[in-house]
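Participant: Need the 3D shape of this:
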Amino acid sequence: MMQSPMKNTSLLLTAMFLMTPFIHGCASTEELYAQYDEQACRVALEQAPSGITVVRELSTDETMTWEPVVRFDLEMDVLGRQAKERLDRDVAVLERYPEMRVSVRGFTDASGDKDFNAALASRRVDMVAAYLLSKGVTSARMDKVPLGEGLPLQIAEPEARVPLNRRVELLLLDVNGNPLAYQVGNLNDY
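Facilitator: The predicted model follows:
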């Protein structure tokens, strides 16, 4: 039985629409980073453990922003001026909220040897953690997690050099180690 040309066209358009996310390999910056704001879900805490200060929400004034990413050049673990400026803004947030913690997570792209990339991710995490330590953030407030090639932001061919994947992410955590919603800086800067 032969299908009408209209039905074939509509099937083709539907298939193309459904396949678009899989064919399109790039993501915009806005798709990569969450914009946290007043609409974020609040978790009610019935009773705080003794000796713990509970922060119910963070101020999001224009002078303080949380910078969630530090970028690195290919096979490098050195913090440049711009990276240090971003980290200084994070230090200001951590100084204002001393009960908060930070997860420092290091990544590489898939180019090169897996063992080399694992070591590089670890060195990147150590560089960021050392900078935070030099600014007064104690090691007890940091979780260091080198992930190497794991969890790429941009999927690419094996051995591909993908600048977006060469990064250290800084995830703001509450006193229990849970990620904390916070408004990040200008998304176009990443």
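
Participant: use CA for all of it now, contacts and neighbours both
Facilitator: Fine.

Participant: Tell me where the protein has helices.
Facilitator: In the chain, the helices defined using DSSP state H lie at 5-23, 29-32, 81-96, 114-134.

Participant: weakest of those by average pLDDT?
Facilitator: Lowest mean pLDDT within the helices of the chain: helix 29-32, at a mean of 46.

Participant: Just give the nearest non-adjacent residue to G150, would you?
Facilitator: Counting by C-alpha to C-alpha, 6 or more residues apart in numbering, G150 lies nearest to F107, which is 7.0 Å off, once chain neighbours are set aside.

Participant: wait, the one you found sits on V145?
Facilitator: No: using C-alpha atoms under 8 Å, F107 makes no contact with V145, being 9.2 Å away.

Participant: Of those two, which one has the most company?
Facilitator: F107 (29 against 17; other C-alpha atoms under 10 Å).

Participant: residues in contact with stretch 85-100?
Facilitator: 53, 64-67, 70, 101, 132, 135, 137, 141, 172-175 (C-alpha atoms under 8 Å, 6 or more residues apart in numbering).

Participant: mind running it again at 7 Å?
Facilitator: Stretch 85-100 is contacted by residues M64, T65, W66, E67, L132, L173, D174, V175 when judged by C-alpha atoms under 7 Å, 6 or more residues apart in numbering.

Participant: quick one: contacts for the fifth one?
Facilitator: I take that to be L132. So L132 contacts V91 (C-alpha under 7 Å, 6+ apart).

Participant: what's the distance between it and R141?
Facilitator: Counting by C-alpha to C-alpha, to the nearest Å, the separation of L132 from R141 is 10 Å.

Participant: again with M64
Facilitator: 19 Å.

Participant: before we move on, what about E149?
Facilitator: 25 Å.

Participant: ok, those two, which is more surrounded?
Facilitator: E149 (21 against 18).

Participant: The residue nearest to K84 when sequence neighbours are not counted: neighbouring residues, count only.
Facilitator: Setting aside the residues directly before and after it, K84 is nearest to Y131 in space (C-alpha to C-alpha, 6+ apart), at 7.9 Å. Look at Y131: counted by other C-alpha under 10 Å, it has 17 neighbours.

Participant: State the distance from Y131 to P146.
Facilitator: For Y131 relative to P146 (C-alpha to C-alpha), the value is 16 Å.
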